[in-house]
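>>> my questions concern the predicted model and sequence given below.
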Amino acid sequence: MTTQHKNWAGNLEYQAARLHSPTTLEQVQALVKASRKIKALGTRHSFNRLADTEHDHLSLSHLNHIVALDREQHTVTVEAGIRYGELAEYLNAEGFALHNMASLPHISVVGACATATHGSGDRNGNLATAVSALEMVTAEGEIRALSRQDADFAGAVVGLGGLGVVTQMTLDIVPSFQMRQDVYVNLPRTQMDAHFEEIFSSAYSVSLFTTWQTSAFAMIWLKSRVDANATFWGQDDFYGAARATMPMSPIAAAPVEPCTQQMGVEGSWNERLPHFRMNFMPSFGEELQTEYFVPRHHAPVAFARIHALGDIIAPHLLISEIRTIAVDDLWMSPCYGQACVAIHFTWKQDWAAVQNVLPVIEAQLQPFAVRPHWGKLFTLSADYVASCYEKMPDFQRLLRDADPTGKFRNAFLDQYIFTGGA
């Protein structure tokens, strides 16, 4: 069936000739085996052509069930179509939690892990670091299982859709916990420069919002666990920032109703860790997104370089968010081998304009070995991106071994993974 469908933000029309929505694993196997080229499609939150294909698109939205909850091993196994908000609600009702969540609960678990999507926190790795096992359908239509005991597991988790169609994932879970969310406004840049470590270690999850134009960061969102280890309890002043007197949205012109509850009101982890509520439209909608990861110790200098571009950035920007992510050992994670600061840009939906701004930002960040988010917009060269990942040759070998005919390859993988004569 020929179809036309777009990504979540509407900036990208997929090129796939056919969109399949199987309801059973056996149907997935048959479709993969019969197709010459096929790509799995999650909740469509990628802003580039990472998940695109000119042939067959495979949506697993109907395969969205909880497979097993292991209370003794503290794991949960899910099908590939489940979204974080759905899983989080189930886990909380069962007395468990995920260690981390992204700002949007609307995204699929498998898609987020495949691209190393993340939340925030000094001790919180990206979402893929919770994966302890996975199952995928191979190019031959067979089921392949991998776990942490397998040698190539660290290369397969952030797999960018290149090894096969992941149909199940097993995640580590923890006991459920309560949280509060406090928002402060106008954090002076001088305080951030002087107290970066203290500020970003002050809560379980910290998000800083800015337009890069003023001498202060517009907002800081502090998501704190309510337990004996809490270090922050909602004082009136936070490093010179004032406590917000009403709920806030990251984007000034956007309504606050879609945002998770603030003002220090206690609630369950699944209702505080994300920025947005599951039953509302996520974020702004018509937007573009870019995100860059720099080693944590370079953060203050990187911030200064972007602040110097404020007048160039501001006309096209809705908001920028800064978060920290812990180091991990997943080959294609931007945080492989290094704790990072993620600098996120939510742009107005004007690619012609944004496309001219990105190289200017990237030129300022390249001295810090900046790595882009795999599912968002960037203009860094393929050779440069490949040079940032010391495990790139191993990942290329892994993809070739798993998919020798290139059934799961597309233009994006050909450009950014199989490049530079590799």
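Thanks, I have the structure now.

>>> and Pro372, how far from Pro334?
Relative to Pro334, Pro372 is positioned 8 Å away (C-beta to C-beta, to the nearest Å). Where you see a C-beta, it was placed from the backbone N, CA and C, and this is true even at glycine.

>>> find the residues that touch each one of these two.
Taking C-beta atoms under 8 Å, 6 or more residues apart in numbering as the contact definition, Pro372 and Pro334 share the neighbouring residues Phe293.

>>> neighbour count winner among these two?
Looking at Pro372 and Pro334 with other C-beta atoms under 10 Å, you find the greater number of neighbours at Pro334, namely 26 against 23.

>>> surely that one and Phe293 touch.
Yes - if you go by C-beta atoms under 8 Å, Pro334 and Phe293 touch, sitting 3.8 Å apart.

>>> show me what secondary structure element comes after the helix or strand where Glu89 lies.
Using DSSP states H and E, Glu89 sits within helix 84-93. Heading C-terminal from helix 84-93, the first helix or strand you meet, by DSSP H and E, is strand 96-97.

>>> chain center to that following strand, what's the gap?
Distance of strand 96-97 from the chain centroid (C-alpha atoms, centre = their mean, to the nearest Å) equals 20 Å.

>>> please apply the same query to stretch 172-186.
18 Å.

>>> identify each buried residue in it, please.
Across stretch 172-186, burial judged by 16 or more other C-beta atoms under 10 Å covers Ile173, Ser176, Phe177, Gln178, Met179, Arg180, Gln181, Asp182, Val183, Tyr184, Val185.

>>> between the two ends of that stretch, how far is it?
37 Å (C-alpha to C-alpha, to the nearest Å).

>>> do stretch 75-83 as well
OK, stretch 75-83 end separation, C-alpha to C-alpha: 17 Å.

>>> cool, stretch 246-262 as well?
By C-alpha to C-alpha, the extent of stretch 246-262 from end to end equals 8 Å.

>>> average pLDDT across that stretch?
For stretch 246-262, mean pLDDT rounds to 91.

>>> buried residues, that stretch. List them.
By neighbour count with 16+ other C-beta under 10 Å, stretch 246-262 contains the buried residues Met248, Ser249, Pro250, Ala254, Pro258, Cys259, Thr260, Gln262.

>>> and of those, the nearest to His45?
Taking C-beta to C-beta as the measure, His45 lies nearest Pro258 of the buried residues of stretch 246-262, at 15.6 Å.

>>> that closest one reaches Met278, doesn't it?
No - the pair Pro258 / Met278 is not scored as a contact, 9.8 Å apart, by C-beta under 8 Å.

>>> picking that back up, could you dump the helix holding Glu89 to PDB, C-alpha only?
Extracted C-alpha coordinates of helix 84-93, given in PDB (Å, rounded to 0.1, in the frame of the first residue of the first chain):
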ATOM      1  CA  TYR A  84       7.100   5.600  28.300                       C
ATOM      2  CA  GLY A  85       4.000   7.100  29.700                       C
ATOM      3  CA  GLU A  86       2.100   3.800  29.400                       C
ATOM      4  CA  LEU A  87       4.900   1.800  30.900                       C
ATOM      5  CA  ALA A  88       5.500   4.300  33.800                       C
ATOM      6  CA  GLU A  89       1.800   4.300  34.800                       C
ATOM      7  CA  TYR A  90       1.900   0.500  34.900                       C
ATOM      8  CA  LEU A  91       5.100   0.300  36.900                       C
ATOM      9  CA  ASN A  92       4.100   2.900  39.400                       C
ATOM     10  CA  ALA A  93       0.800   1.000  40.100                       C
END
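
>>> and that helix, how far out from the chain middle?
Using C-alpha atoms, centre = their mean, the offset of helix 84-93 from its chain centre is 18 Å.

>>> what is it packed up against?
Counting contacts by 3 or more C-beta pairs under 8 Å, 6 or more residues apart in numbering; DSSP states H and E, helix 84-93 packs against strand 66-70, strand 75-79, helix 109-114.

>>> mind checking the pLDDT average for the longest one?
I take that to be helix 109-114. The model assigns helix 109-114 a mean pLDDT of 96.

>>> residues touching it, excluding its own?
Identification of contacts with helix 109-114 by C-beta under 8 Å, 6+ apart yields 40, 42-43, 45-46, 51, 60, 78, 80-84, 87, 102, 117, 127-128, 130-131, 157-161, 166, 169, 171.

>>> those in strands, which ones?
Secondary structure assignment by DSSP state E places Ala40, Val78, Val131, Val166, Met169, Leu171 of the contacts of helix 109-114 in strands.

>>> what's the domain layout of the protein?
According to automatic domain parsing, the chain comprises the domains 66-175+390-409, 178-380.

>>> just the terminal-to-terminal distance for the first one.
Think domain 66-175+390-409. In domain 66-175+390-409, first residue to last residue: 29 Å (C-alpha to C-alpha).

>>> also the last one?
The first and last residues of domain 178-380 sit 41 Å apart, counting by C-alpha to C-alpha.

>>> ok so, going back, next, the buried residues of the helix holding Glu89.
Neighbour counts using 16+ other C-beta under 10 Å place Tyr84, Gly85, Glu86, Leu87, Ala88, Glu89, Tyr90, Leu91, Asn92 of helix 84-93 among the buried residues.
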